[in-house]
Each structure stands twice: as structure tokens, then as C-alpha cells.
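A.B. asks: following is a predicted model, sequence given first.
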Amino acid sequence: MPKSMTGFGQADVGSFHIEIKGVNHRYKEIRVKLPRELSAFEIEVRNIVQNSIGRGKVDVTISRNPGLDNGLSLEINWELASQSHAVLKRMSDQFGGEPNFRDLLTVPGVMLENRQDAEELWLTVKPGLEQALTAFEQSKQAEGETLKLDLDQRLDTLGKLQAEMSTLAAGMPNECRERLTTRIEALLGENNLDRGRLEQEVALLVDRCDITEELVRLKTHLEAFAKTLKVTHEPIGRRLDFILQEINRELNTVGSKTQSIEISHMVITGKTEVEKVREQAQNIE
């Protein structure tokens, strides 16, 4: 089952909120945004996510949950505070005024931030990242199933068009040969004809308007596309792009060679359908 490049997953663990968002992109691009205390683990976060995606633009954001314990506590260096107060008191006696605790808080080192160890924080966050990544993958899988249903319907339409064109094209070489021979004989009238040379020229012209080979290749490419959609163990988006190029090429050739107005109209319908398939396939990882 194909996976979409578009998806979303999130998780909350401890005081952290984790979000993973994915959108379409030709290549693989991962952007990571972490709080300062986890910045040392950016490469590890990137590697965990990178191993789970084939292509697409993915944003990973880990942030603190407002109002929850953020692993930060405050400590007062009472000895330094006392020493500083004594100095400030001496200054106030000489210059006037009265020191207070707000003055002491401005002294570097009096109030200390005691943050939780980064390794300990990472051990808390990592399971949440994996949980968000699982939800992200499930979201992509669900979107991929929806895409496949649409693509299957469009492939069915293209397959029916190919079958109808093949039926119409089966008798075209003989019709083309008879029509050309009749017109040439009518134009030349009673003039002596080199039958061998005439047959040779007619055969060349008939071969140029024979689309049987192109329609066989078109069927093969449609079958290859349908088979690729069933692949589950690897990314398939690029392969689908290449197959669509071949499908479009065969339709263009059929359109340029055919002498049938009906087949020409079918080619236009087919190319329109292929363009819709391409739009959907661009969402597939």
C-alpha cells in the first residue's frame, strides 16, 4: 500500500509536546526545532526521523508544555547573598539609601538556575518522539490508502481506453492500405503502375499509421503502474513518476500516428486522465 508524504503526528511526554508534520517535496528534507536544553540531540532526532521516511519535507518540533514542570528550579547562594548585602550596606551608609533583596538579585551568582540533566531529559523525550513518529506514519498510511483508491479508478479508466483503442486499431492497417491504394490508382488513372514499387510505398505509409506496438507498450506500462502501487516495503513515488512519463509518451505517439478521429479523441481523454494521475502520484512517498 502506498504512503502519502502528507501526514501529522503528535505526542505529549513529561513536560514536552512533540509534533511531526509532513508535506510533498521532490526530495527528502527534515527540519528540527528543539528547546535549548535539548539542542545537543538535534542530530539524533534527525536520524530517527530520517530512517522512517523516503522523501518529503518534514518538520519536527519539540517544545515545552506551558504550565507544566519544565525541569527548572531556582536556588539561592545564601553565602554570596550575605556577602553582597554587607557590601551594599556599607555603600548605603556612605552614600545613602537602603539595600533590599531586589538589589541582591541583580548580583551575578546569587540566584542560580538548576536545570535537569540533558541526558535525563532526552531519555524522557525519546519515547515521545517515537510515539509521534508512529502516529505520523499511520497518518501517511491512511492518506496513501485514499490515494490508491482514486488511482485505481483512474487506471481502470485508462485501461478501458487502451482496450477500446486496440479494438479500433486492429483493422486500421488494412483500411489504410485499401484507402491509399484506391486513391493512388484514381490519381494515376490509366498510367502504367509499377505494382512492386506501389506496394512498397503503401506498406511504408501503412506502417507509419500502425499504432499496435504503441498500444501494447501502453498496456504494459499501465500494468507496471498498478503493480508498483502494491509495493509496501519501499518508497514508490519516483518510480511512479517515471512510469507516468512512459505512459504519456505512448499516448503522444498514438495521437500523432493515428488516422482515426475517434482514437484521437480517446488520446485526449487519456492524457487528461494521466495528468490527474500525476497530480495524485506527486503526493506518494
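C.D. replies: Now that the structure is in, tell me what you want to look at. Everything quoted here is computed from the prediction, not taken from an experiment.
A.B. asks: list the buried residues in the helix or strand harbouring Val49.
C.D. replies: Per DSSP states H and E: Val49 is located in helix 42-50. Buried residues in helix 42-50, counted by 16 or more other Cβ atoms under 10 Å: 45, 49. C-beta here means a position set from N, CA and C on the backbone, and glycine is covered the same way.
A.B. asks: what's the average pLDDT for it?
C.D. replies: What helix 42-50 shows for mean pLDDT is 95.
A.B. asks: helices or strands up against that helix?
C.D. replies: strand 28-33, strand 56-64, helix 118-170 (3 or more Cβ pairs under 8 Å, 6 or more residues apart in numbering; DSSP states H and E).
A.B. asks: hey, which of these is tucked in deepest?
C.D. replies: strand 56-64 (a mean of 20; mean count of other Cβ atoms under 10 Å).
A.B. asks: adjacent strands (with direction) for that strand?
C.D. replies: With DSSP bridges as the test, strand 56-64 is paired with strand 16-23 (antiparallel), strand 28-33 (parallel).
A.B. asks: a markdown table for those, including distance to Gly159?
C.D. replies: What follows is those, written out as a markdown table (distance: least, Cβ to Cβ, whole Å):
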| stretch | distance to Gly159 |
| --- | --- |
| strand 16-23 | 31 |
| strand 28-33 | 33 |
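A.B. asks: out of these, flag the one nearest Ile261.
C.D. replies: strand 16-23 (42.8 Å; Cβ to Cβ).
A.B. asks: contacts only, for the closest residue to Lys28 other than its chain neighbours.
C.D. replies: Nearest residue to Lys28, sequence neighbours excluded (Cβ to Cβ, 6 or more residues apart in numbering): Arg55, at 4.8 Å. With contacts defined as Cβ atoms under 8 Å, 6 or more residues apart in numbering, the neighbours of Arg55 are 5, 25-28, 235, 237-238, 285.
A.B. asks: closest one of these to Glu273?
C.D. replies: Out of the contacts of Arg55, the member with the shortest distance to Glu273 (by Cβ to Cβ) is Gly237, at 19.1 Å.
A.B. asks: quick one, phi/psi of the closest residue to that closest one other than its chain neighbours?
C.D. replies: Among residues not flanking Gly237 along the chain, Ile284 sits closest, at 4.4 Å (Cβ to Cβ, 6+ apart). Reported as degrees, to the nearest 10, the phi and psi values for Ile284 are phi -90, psi 130.
A.B. asks: distance check, Ile284 against Asp150.
C.D. replies: 11 Å (Cβ to Cβ, to the nearest Å).
A.B. asks: repeat that for Leu105.
C.D. replies: Distance, Leu105 to Asp150, using Cβ to Cβ: 63 Å.
A.B. asks: low-scoring stretches of the chain, by residue?
C.D. replies: 66-74, 112-116, 171, 173-208 (pLDDT under 70).
A.B. asks: let me see the domain layout of it.
C.D. replies: Following automatic domain parsing, one gets these domains for the chain: 7-68+119-138, 72-115, 144-281.
A.B. asks: looking at those, which is nearest to Met1?
C.D. replies: Nearest to Met1 among the domains of the chain is domain 144-281 (5.6 Å), distances taken as Cβ to Cβ.
A.B. asks: got the end-to-end distance for that closest one?
C.D. replies: 10 Å (Cα to Cα, to the nearest Å).
A.B. asks: list the contacts of Ile268.
C.D. replies: Gly255.
A.B. asks: likewise Leu161?
C.D. replies: With Cβ under 8 Å, 6+ apart, Leu161 has these contacts: 266, 269-270, 273.
A.B. asks: output the domains of the chain as JSON lines; include the columns distance to Met1.
C.D. replies: Shown next, in JSON lines, are the domains of the chain (distance: least, Cβ to Cβ, whole Å):
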{"stretch": "domain 7-68+119-138", "distance to Met1": "12"}
{"stretch": "domain 72-115", "distance to Met1": "44"}
{"stretch": "domain 144-281", "distance to Met1": "6"}
